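A.B. asks: Build me a model from this:
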Amino acid sequence: MSGAFPVIRDADRVRRLAALPQVRPQALDRLRRAAVAVVGVGGLGTAAAPYLAAAGVGRLRLIDPDVVQETDLGRQILYGPADVGQPKVKAAAAALTAQAPATVVEVSTEALDAHNGRRLLEGVDVILDGLDEGRPRDFLNEYAVRTGTPVVFGGALGYEGQVVVVAPSGPCLHCLFGSVADAAADCAREGILGPLVGVVGALQAAEALKWVMGLGAPLRGRVLQIDLFAGATRVLSFAPRAHCPVCGGQGVPGARPAATSERNPHSPS
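C.D. replies: Next up, the predicted model:
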């Protein structure tokens with residue numbers, strides 16, 4: 001028996017995705033050309049990135065300064081014991097390239113901040129937030145407002161998680177929470193249910209895919225909250241906050257639709 005893996009054609013890989021009635025060839029072409037940045041390749045990032053690669057995203061840019069630790073293995077299932085001590089981005093890139101060779105995976109071991117953020121995010125179409133610190137999240141929100149680049153924010157702690165999209169024609173994250181610079185998720189102290197990061201990360205991947213392909217209604221101006229302890233979800237709507245110091249109460253300017261409104265009335269606009 002040969003040890004070689006079978007060659008998987010791109011057309012076969014996305015056949016089930018292409019079977020969706022809303023997914024036309026143009027949407028798949030946009031997906032193949034798209035570049036998505038995953039900032040933070042921990043619980044959320046390692047859940048979202050495989051779905052993006054498997055769906056056929058053209059480029060994935062992984063940004064994370066951390067190394068894999070033993071305590072990560074219970075919920076960051078892209079990693080295994082052999083990866084402990086290795087940079088997360090490199091271990092993740094190896095796994096994703098093996099899964100989806102057609103996706104170009106770029107890596108950076110820099111910690112994203114206001115000084116290097118523009119350089120690290122240059123040329124990407126959508127950003128996924130997998131961070132556990134608030135200050136770089138504030139920067140991502142400001143970056144979305146300045147550039148019109150959609151950011152899919154996610155959070156998970158304990159049994160509860162949430163997802164919200166900051167994108168053109170919608171309010172910004174500061175309108176919802178104010179500054180999150182001092183907020184930080186401390187899983188070591190408060191604990192976390194492993195599957196929660198899988199649920200939230202998968203939802204983030206879905207929002208990114210929807211935006212790129214122009215499908216459905218993005219979670220723009222809406223925050224999806226999940227409580228796995230109670231087995232409950234809810235969606236809360238919010239609007240631009242008057243005199244918001246980040247977006248000025250005008251929300252995220254610009255328009256970067258992935259599809260025309262004639263084709264999909266819920267496409268980004």
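A.B. asks: Surely Thr71 is in contact with Ala188?
C.D. replies: Yes - Thr71 is in contact with Ala188 according to Cβ atoms under 8 Å; the separation is 7.4 Å. Where you see a C-beta, it was placed from the backbone N, CA and C, and this is true even at glycine.
A.B. asks: what about those two, which has more around it?
C.D. replies: Between Thr71 and Ala188, Thr71 has the larger neighbour count (other Cβ atoms under 10 Å), namely 11 against 8.
A.B. asks: Pretty sure the more buried one sits in a helix.
C.D. replies: Yes - assigned with DSSP: H, G, I helix; E, B strand; the rest coil, Thr71 falls within a helix.
A.B. asks: Distance of it relative to Gly42?
C.D. replies: Distance from Thr71 to Gly42, counting by Cβ to Cβ, to the nearest Å: 11 Å.
A.B. asks: Need the overlap of contacts for these two.
C.D. replies: With contacts defined as Cβ atoms under 8 Å, 6 or more residues apart in numbering, no residue is shared by Thr71 and Gly42.
A.B. asks: which SSE is Glu106 in?
C.D. replies: strand 104-108 (DSSP states H and E).
A.B. asks: List of residues touching the next helix-or-strand element following that strand?
C.D. replies: Once the chain leaves strand 104-108, the next helix or strand it forms, by DSSP H and E, is helix 117-121. Under the contact criterion Cβ under 8 Å, 6+ apart, helix 117-121 has outside partners 37, 61, 63, 108, 110, 112, 127, 136, 139-140, 143, 149.
A.B. asks: Which SSE is immediately downstream of helix 117-121?
C.D. replies: Following helix 117-121 in sequence, per DSSP H and E, is strand 126-129.
A.B. asks: Just the helices from the stretch 1-150 of the chain, written as ranges.
C.D. replies: 10-13, 15-18, 25-33, 43-55, 88-99, 117-121, 134-147 (DSSP state H, counting those that start in this stretch).
A.B. asks: ok, Asp66 to Ala48 distance?
C.D. replies: 16 Å.
A.B. asks: That should have said Arg135, apologies.
C.D. replies: With Cβ to Cβ as the criterion, Arg135 and Ala48 are 21 Å apart.
A.B. asks: ok, the two, which is more surrounded?
C.D. replies: Ala48 (32 against 16).
A.B. asks: I'd guessed the more buried one sits against Gly201; true?
C.D. replies: Yes - with contact defined as Cβ under 8 Å, Ala48 reaches Gly201; the gap is 4.1 Å.
A.B. asks: So which residues of the stretch 151-269 of the chain form strands?
C.D. replies: Applying DSSP state E, counting those that start in this stretch to the stretch 151-269 of the chain gives strands spanning 151-157, 160-166, 222-227, 232-237.
A.B. asks: can you give me the offset of the last one from its chain's centre?
C.D. replies: Just to be clear, that refers to strand 232-237. Its chain's C-alpha centre and that of strand 232-237 lie 19 Å apart, by Cα atoms, centre = their mean, to the nearest Å.
A.B. asks: For it, which strands pair with it and how are they oriented?
C.D. replies: strand 222-227 (antiparallel) (DSSP bridges).
A.B. asks: quick one: low-confidence ranges for the stretch 51-200 of the chain?
C.D. replies: Along the stretch 51-200 of the chain, segments meeting pLDDT under 70 span 184-185.
A.B. asks: angle of the helix ranked longest in the chain against helix 25-33?
C.D. replies: If you go by DSSP state H, the chain has its longest helix at helix 194-213. Helix 194-213 runs at 120 degrees relative to helix 25-33, counting by axes from the mean of the first three to the mean of the last three Cα atoms, to 10 degrees.
A.B. asks: Now helix 194-213 - C-alpha only, PDB.
C.D. replies: Extracted in PDB, the C-alpha atoms of helix 194-213 (Å, rounded to 0.1, in the frame of the first residue of the first chain):
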ATOM      1  CA  GLY A 194     -13.300  23.200  25.400                       C
ATOM      2  CA  PRO A 195     -16.100  22.800  22.900                       C
ATOM      3  CA  LEU A 196     -17.100  26.500  23.400                       C
ATOM      4  CA  VAL A 197     -14.100  27.700  21.500                       C
ATOM      5  CA  GLY A 198     -15.000  25.300  18.700                       C
ATOM      6  CA  VAL A 199     -18.500  26.700  18.500                       C
ATOM      7  CA  VAL A 200     -17.400  30.300  18.600                       C
ATOM      8  CA  GLY A 201     -14.600  29.800  16.100                       C
ATOM      9  CA  ALA A 202     -16.800  27.900  13.700                       C
ATOM     10  CA  LEU A 203     -19.300  30.800  13.800                       C
ATOM     11  CA  GLN A 204     -16.500  33.300  13.100                       C
ATOM     12  CA  ALA A 205     -15.400  31.200  10.100                       C
ATOM     13  CA  ALA A 206     -19.000  31.100   8.900                       C
ATOM     14  CA  GLU A 207     -19.200  34.900   9.100                       C
ATOM     15  CA  ALA A 208     -16.000  35.400   7.200                       C
ATOM     16  CA  LEU A 209     -17.100  33.000   4.500                       C
ATOM     17  CA  LYS A 210     -20.500  34.700   4.200                       C
ATOM     18  CA  TRP A 211     -18.800  38.100   3.900                       C
ATOM     19  CA  VAL A 212     -16.300  37.000   1.200                       C
ATOM     20  CA  MET A 213     -18.900  35.200  -0.900                       C
END
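A.B. asks: Thank you kindly, that will do.
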